[in-house]
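Participant: Sequence below, structure please.
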Amino acid sequence: MRSAARLGAVLLVMGCAGAAGAAETPLTAEAINQAQFGAGPAEGGTEPDKSATDKPASDKAEAGRETAKEKASAEKRPDPLTIRTQVLLDRAGFSPGAIDGRDGDNLRGALAAFAKAKGQAFAGRLDAPLWQALSGTSPDPAVTQYTLTEKDVDGPYAEEIPPKMEEQADLKALSYGSPAEMLAERFHMSRGLLTALNPDAALTKAGTVITVAAVPALETGRIPAKELPETPKVSRIEVDRDALQVRAYAEDGALVHTYPASIGSEEKPAPSGILKVEGVAFDPTYTYNPKYEFKGVETKRKFTIKPGPNNPVGVVWIDLSGNDGYGIHGTPEPEKVGKTESHGCVRLTNWDARDLAKHVERGAKVDFGK
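Facilitator: Residues are numbered from 1 along each chain as shown. Just a heads-up that it's a prediction; the model follows:
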């Protein structure tokens with residue numbers, strides 16, 4: 001069961017801006033950067049449709065269907081204030097996962113963690129005091145412009161990533177499939193938001209200027225061991241299976257970062273108790289052992305999948321103690337983190353996994369609870 005904070009019935013934004021606000025506010029950089037938490041009906045949704053009060057029952061039913069359609073349509077559109085909220089949380093170290101401009105469990109989990117860190121109550125939605133604290137963490141714009149380079153366009157990119165792991169082992173690299181996939185992940189965004197912000201952009205042409213989330217871009221490549229860990233150093237990690245969240249703490253007990261996570265499954269549950277960080281591997285290969293008996297994998301032999309962001313463990317592997325092959329790692333599907341199960345390990349977005357890997361100390365305790 002997820003925690004009450006993540007299952008709150010009150011939605012954030014149709015909570016932040018309301019269904020009507022999402023429909024009326026254009027999705028522009030200016031609208032996002034100037035978005036503010038407001039007062040009145042927009043905080044919790046739209047006002048009742050008073051025009052339907054005296055209509056016949058049949059007309060009221062039709063009006064209800066139209067309203068439902070309008071709300072469904074509005075909920076499909078990214079909301080400017082939600083985007084700004086997610087960017088601010090990301091910068092503050094309370095990751096909402098893939099920035100998509102929509103309400104969801106990952107966003108509410110990040111807000112709950114931020115509220116707790118600030119000593120504030122959290123009622124399942126953004127409110128004025130919480131917004132004041134969050135907006136005060138950074139004065140910088142939430143979205144910015146980025147110009148595509150020749151390297152961005154040239155890749156190399158994979159023509160196709162086979163769905164079966166056995167077939168992935170035949171590839172020379174598990175690269176991104178397109179500039180769109182790479183750019184969305186570099187700037188911690190969903191593919192849908194990247195498209196919504198840049199509907200007519202030529203993402204295969206160098207010199208194209210696009211709008212992206214103004215967050216620390218996902219880096220690539222390996223980091224020499226002598227340069228790690230970076231400050232602030234993480235000496236303890238807490239894995240919360242109920243909240244589907246990973247919390248990283250410094251030696252003095254200060255909360256450093258929180259990340260949404262996929263944590264095990266009924267078929268392959270995550271471990272219990274306390275493990276330790278044995279080491280970190282950037283751009284790792286992935287070796288499948290038949291003893292894992294993953295559903296959908298038919299071969300009875302070991303095989304190895306080459307590195308790349310679409311590798312089954314993404315761009316980082318944080319190795320944990322024990323002989324069961326558990327680790328904390330990235331993923332080729334960042335938008336599914338916190339929403340789907342894992343094969344027993346702890347799965348983060350690639351950017352969150354790399355962030356944690358840069359700061360965690362060898363020997364850090366990883367508490368999975370009971």
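
Participant: from here on, contacts and neighbour counts on C-alpha atoms
Facilitator: Noted.

Participant: residue boundaries of the helices in the stretch 151-300 of the chain?
Facilitator: Listed in chain order, the helices of the stretch 151-300 of the chain (DSSP state H, counting those that start in this stretch) span 165-168, 179-186, 191-197.

Participant: Turn those into TSV, including mean pLDDT.
Facilitator: Below are the helices of the stretch 151-300 of the chain laid out as TSV (pLDDT from 0 to 100):
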stretch	mean pLDDT
helix 165-168	92
helix 179-186	98
helix 191-197	98
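
Participant: Of those helices, which is nearest Lys268?
Facilitator: Proximity to Lys268, assessed across the helices of the stretch 151-300 of the chain by CA to CA, is greatest for helix 165-168 (17.3 Å).

Participant: In that closest one, which residues are buried?
Facilitator: Going by neighbour count (16 or more other CA atoms under 10 Å), the buried part of helix 165-168 is Met165, Glu166, Gln168.

Participant: highest average neighbour count across the helices of the stretch 151-300 of the chain?
Facilitator: Of all those, helix 179-186 carries the top mean neighbour count, a mean of 21, counting by mean count of other CA atoms under 10 Å.

Participant: Contacts for it, please.
Facilitator: Contact with helix 179-186 is made by 152-153, 155, 157, 176, 190-191, 194, 203-204, 217-219, 334, 350-351, as judged by CA atoms under 8 Å, 6 or more residues apart in numbering.

Participant: could you flag which of these are buried?
Facilitator: Buried residues within these, counting neighbours by 16+ other CA under 10 Å: 152-153, 157, 176, 190-191, 194, 203-204, 218, 334, 350-351.

Participant: thought Glu150 was touching Ala206?
Facilitator: Yes. Under the criterion of CA atoms under 8 Å, Glu150 is in contact with Ala206, at a separation of 5.2 Å.

Participant: Settle it for me: which of the two has more neighbours?
Facilitator: Legend: neighbour count by other CA atoms under 10 Å for Glu150 and Ala206, higher for Ala206 (15 against 12).

Participant: Now do the same contact list for that one.
Facilitator: Ala206 touches Thr147, Leu148, Thr149, Glu150, Asp152, Val153, counting by CA under 8 Å, 6+ apart.

Participant: ok, now how distant is the fifth one from Ala206?
Facilitator: Read it as Asp152. Using CA to CA, to the nearest Å, Asp152 is found at 7 Å from Ala206.

Participant: How about the third one?
Facilitator: Thr149 sits 5 Å away from Ala206, going by CA to CA.

Participant: Okay, buried residues for stretch 207-221 please.
Facilitator: Buried, per 16+ other CA under 10 Å, within stretch 207-221: Val209, Ile210, Thr211, Val212, Ala213, Ala214, Val215, Leu218.

Participant: mind saving the C-alpha coords of that stretch as PDB?
Facilitator: Extracted in PDB, the C-alpha atoms of stretch 207-221 (Å, rounded to 0.1, in the frame of the first residue of the first chain):
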ATOM      1  CA  GLY A 207      20.800  25.100 -34.900                       C
ATOM      2  CA  THR A 208      17.200  24.500 -33.900                       C
ATOM      3  CA  VAL A 209      16.200  26.400 -30.800                       C
ATOM      4  CA  ILE A 210      13.900  24.600 -28.400                       C
ATOM      5  CA  THR A 211      12.300  25.200 -25.000                       C
ATOM      6  CA  VAL A 212      13.400  22.900 -22.200                       C
ATOM      7  CA  ALA A 213      13.200  22.500 -18.400                       C
ATOM      8  CA  ALA A 214      15.900  24.600 -16.800                       C
ATOM      9  CA  VAL A 215      17.500  21.900 -14.700                       C
ATOM     10  CA  PRO A 216      21.000  20.500 -14.400                       C
ATOM     11  CA  ALA A 217      21.400  18.500 -17.600                       C
ATOM     12  CA  LEU A 218      22.000  14.800 -17.500                       C
ATOM     13  CA  GLU A 219      25.700  14.200 -17.900                       C
ATOM     14  CA  THR A 220      27.300  11.200 -19.700                       C
ATOM     15  CA  GLY A 221      30.500   9.300 -19.400                       C
END
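
Participant: Contacts for stretch 253-267 next, please.
Facilitator: Contact with stretch 253-267 is made by 93-97, 106, 109-110, 113, 117, 232, 234, 241, 244-250, 269-270, 337-349, 352, as judged by CA under 8 Å, 6+ apart.

Participant: Strands - which of the contacts of helix 179-186 land there?
Facilitator: Nothing among these maps onto strands, per DSSP state E.

Participant: Out of these, the closest to Pro129 would be?
Facilitator: For the contacts of helix 179-186, the closest approach to Pro129 (CA to CA) belongs to Ser190, at 28.2 Å.
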